[in-house]
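K.L.:
quick one, fold the following:
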Amino acid sequence: MRFGAAVLRAYESRFAVEEVILDAGPADGEILVRIAGCGMCRTDLAVRRSAGRSPLPAVLGHEGAGVVVETGGPDTGLSVGDHVVLSFDSCGRCRNCVGAAPAYCDSFASLNLFGGRKENAARFTDAAGSELAPRWFGQSSFAEYAMVPARNAVRVDPSLPVELLGPLGCGFLTGAGAVFNSFGVGPGDSLAVFGAGAVGLAAVMAATAAGAVTVAVDRHPERLALAERLGAIPLHAASADLPDRIQQLTDDGAQYALDTTGSVQLINNALRALRPTGHLGLVARLHTALPLEPGALDRGRKISHICEGDAVPGLLIPRLTGLWQAGRFPFDQLIRTYPLDDINEAERDCDAGRVVKPVLVPEGRGR
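P.N.:
I've put the predicted structure just below:
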């Protein structure tokens with residue numbers, strides 16, 4: 001099977017939309033999906049900074065959504081014509097998967113970060129027959145089609161705009177899942193969100209839907225204005241006495257804080273903004289040591305890392321689409337679509353902060 005895909009051939013090069021080849025149909029437990037739209041995530045772009053740890057050339061993309069066009073074997077649980085959102089891969093057998101924590105699968109790194117599934121290799125080449133890296137997050141969905149394990153796919157209502165749903169499989173899932181799953185935010189609780197990007201604004205929307213008081217911290221006025229429209233109290237990251245300001249706005253301190261920035265200074269500010277027994281969650285990967293200021297982590301405060309919003313995608317994604325249909329999780333306001341051919345423009349806009357969540361639409365159906 002031949003189709004178009006965005007290939008990254010070198011860490012410093014531009015994406016190139018090329019013809020790629022899958023040399024076989026779905027194996028047992030796999031499905032072939034025609035991609036309607038795929039979100040661009042910071043994790044995709046971080047491959048450029050992976051210092052050779054991510055093999056190239058590769059097709060990236062792990063926030064895909066589309067329509068099932070072929071299934072492999074009788075046990076996928078999906079049918080041709082089903083609309084699906086694609087999420088991260090997991091083995092389904094280890095202790096954490098069985099315990100409803102697939103984001104902490106024992107094989108998460110090997111399955112998602114170019115390790116691939118040994119039993120069903122990617123079978124990916126370029127038009128010249130040269131091998132491409134195994135599927136990224138079990139998807140490689142910066143493409144017109146993706147071959148994925150059925151376990152990655154969540155069936156959704158076909159009346160929904162499937163081309164916009166892909167970010168529910170990772171970025172929006174992470175922010176909303178941190179609120180609903182990791183923190184269990186409810187009415188009257190308080191949350192401080194540091195970084196008003198895709199993950200942070202998803203957390204804002206989820207906290208608003210949960211009835212919490214939410215403060216959004218960012219350095220970009222336009223992002224703060226968007227956070228305010230979504231129900232948060234905006235606060236500039238450069239505000240003097242930032243922890244004190246948050247404590248005043250949240251009645252003596254936030255019960256929860258979510259940092260999406262990885263900034264050491266903001267992480268310490270987040271800890272100081274918590275009330276006693278407060279919980280800070282980190283979603284960004286830290287690339288340096290994390291020195292904590294004296295007194296930042298005391299009075300029962302705690303800090304943890306959150307992966308994929310502690311979510312079971314098959315449970316959280318339908319919850320988020322239901323909230324969207326009820327007007328309570330307006331994630332579409334964060335999205336700008338681009339034709340797949342314009343992937344390099346989408347990356348530039350993402351890096352420059354001109355767009356919160358780019359979504360790449362194959363076949364030139366963007367904008």
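K.L.:
just to check, Ile31 is in contact with Ala153?
P.N.:
Yes: assessed by C-beta atoms under 8 Å, Ile31 is found in contact with Ala153 at 6.1 Å. Placement of C-beta: from N, CA and C, glycine included.
K.L.:
shaky segments in the chain?
P.N.:
51-52, 114-122, 364-367 (pLDDT under 70).
K.L.:
let's see 50
P.N.:
365-367 (pLDDT under 50).
K.L.:
count of neighbours near Arg299?
P.N.:
11 (other C-beta atoms under 10 Å).
K.L.:
just say helix, strand or coil for the closest residue to it other than its chain neighbours.
P.N.:
Distances taken as C-beta to C-beta, 6 or more residues apart in numbering put Pro276 closest to Arg299, at 4.1 Å, once the chain neighbours are dropped. Following DSSP: H, G, I helix; E, B strand; the rest coil, Pro276 is assigned to strand.
K.L.:
isn't Pro276 right up against Gly300?
P.N.:
Yes: assessed by C-beta under 8 Å, Pro276 is found in contact with Gly300 at 5.2 Å.
K.L.:
the helix or strand in which Val154 is found pairs with which strands?
P.N.:
Here Val154, judged by DSSP states H and E, is contained in strand 153-156. Strands that pair with strand 153-156, judged by DSSP bridges, come out as strand 83-86 (antiparallel).
K.L.:
mind listing what's buried along the next helix or strand after the strand it pairs with?
P.N.:
Following strand 83-86 in sequence order, the next helix or strand is helix 95-98 (DSSP H and E). By 16 or more other C-beta atoms under 10 Å, the buried positions in helix 95-98 come out as Asn96, Cys97.
K.L.:
could you identify the helix or strand that succeeds helix 95-98?
P.N.:
helix 108-112.
K.L.:
could you say which helix or strand contains Leu266?
P.N.:
helix 264-273.
K.L.:
show me where the stretch 151-300 of the chain has its helices.
P.N.:
Here the stretch 151-300 of the chain has its helices, by DSSP state H, counting those that start in this stretch, at 171-177, 198-210, 221-229, 242-249, 264-273.
K.L.:
format the ones you listed as TSV; extra columns: mean neighbour count and distance to Leu235.
P.N.:
Below are those laid out as TSV (neighbours: other C-beta atoms under 10 Å; distance: least, C-beta to C-beta, whole Å):
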stretch	mean neighbour count	distance to Leu235
helix 171-177	29	18
helix 198-210	28	12
helix 221-229	17	8
helix 242-249	19	6
helix 264-273	22	10
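K.L.:
can I get these in JSON lines with distance to Glu163?
P.N.:
As requested, the helices of the stretch 151-300 of the chain are arranged in JSON lines below (distance: least, C-beta to C-beta, whole Å):
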{"stretch": "helix 171-177", "distance to Glu163": "15"}
{"stretch": "helix 198-210", "distance to Glu163": "17"}
{"stretch": "helix 221-229", "distance to Glu163": "21"}
{"stretch": "helix 242-249", "distance to Glu163": "37"}
{"stretch": "helix 264-273", "distance to Glu163": "34"}
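K.L.:
of those helices, which is nearest Val47?
P.N.:
helix 171-177 (15.9 Å; C-beta to C-beta).
K.L.:
Val84 bridge partners, please.
P.N.:
Val84 forms beta bridges with Gly66, Arg155, as assigned by DSSP bridges.
K.L.:
number of residues surrounding it?
P.N.:
25.
K.L.:
spit out the contact partners of it.
P.N.:
Residues in contact with Val84 (C-beta atoms under 8 Å, 6 or more residues apart in numbering) are Ile31, Val33, Ala65, Gly66, Val67, Val68, Leu78, Ala153, Val154, Arg155, Val156.
K.L.:
now the residues you listed in CSV, with distance to Leu226 and neighbour count?
P.N.:
Output for the contacts of Val84, formatted as CSV (distance: C-beta to C-beta, whole Å; neighbours: other C-beta atoms under 10 Å):
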residue, distance to Leu226, neighbour count
Ile31, 35, 27
Val33, 31, 29
Ala65, 23, 32
Gly66, 27, 28
Val67, 31, 16
Val68, 34, 22
Leu78, 35, 16
Ala153, 30, 30
Val154, 27, 25
Arg155, 30, 16
Val156, 25, 19
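K.L.:
looking at the residues you listed, which one is closest to Leu280?
P.N.:
Val154 (29.1 Å).
K.L.:
list the contacts of that closest one.
P.N.:
Going by C-beta under 8 Å, 6+ apart, Val154 touches Val84, Val85, Leu86, Ser87, Gly169, Pro313, Gly314, Ile317, Pro318.
K.L.:
what's the most distant pair in these?
P.N.:
It's Leu86 and Pro318 that sit farthest apart of the contacts of Val154, by C-beta to C-beta, at 14.5 Å.
K.L.:
so if I had to pick from those two, which one is more boxed in?
P.N.:
Neighbour count, other C-beta under 10 Å: between Leu86 and Pro318, Leu86 has more, with 31 against 16.
K.L.:
that one touches Arg151, doesn't it?
P.N.:
No: using C-beta under 8 Å, Leu86 is not in contact with Arg151; the gap is 10.4 Å.
K.L.:
that older thread, looking at the contacts of Val154, spot the one nearest Ala24.
P.N.:
Proximity of the contacts of Val154 to Ala24 (C-beta to C-beta) peaks at Leu86, which lies at 19.5 Å.
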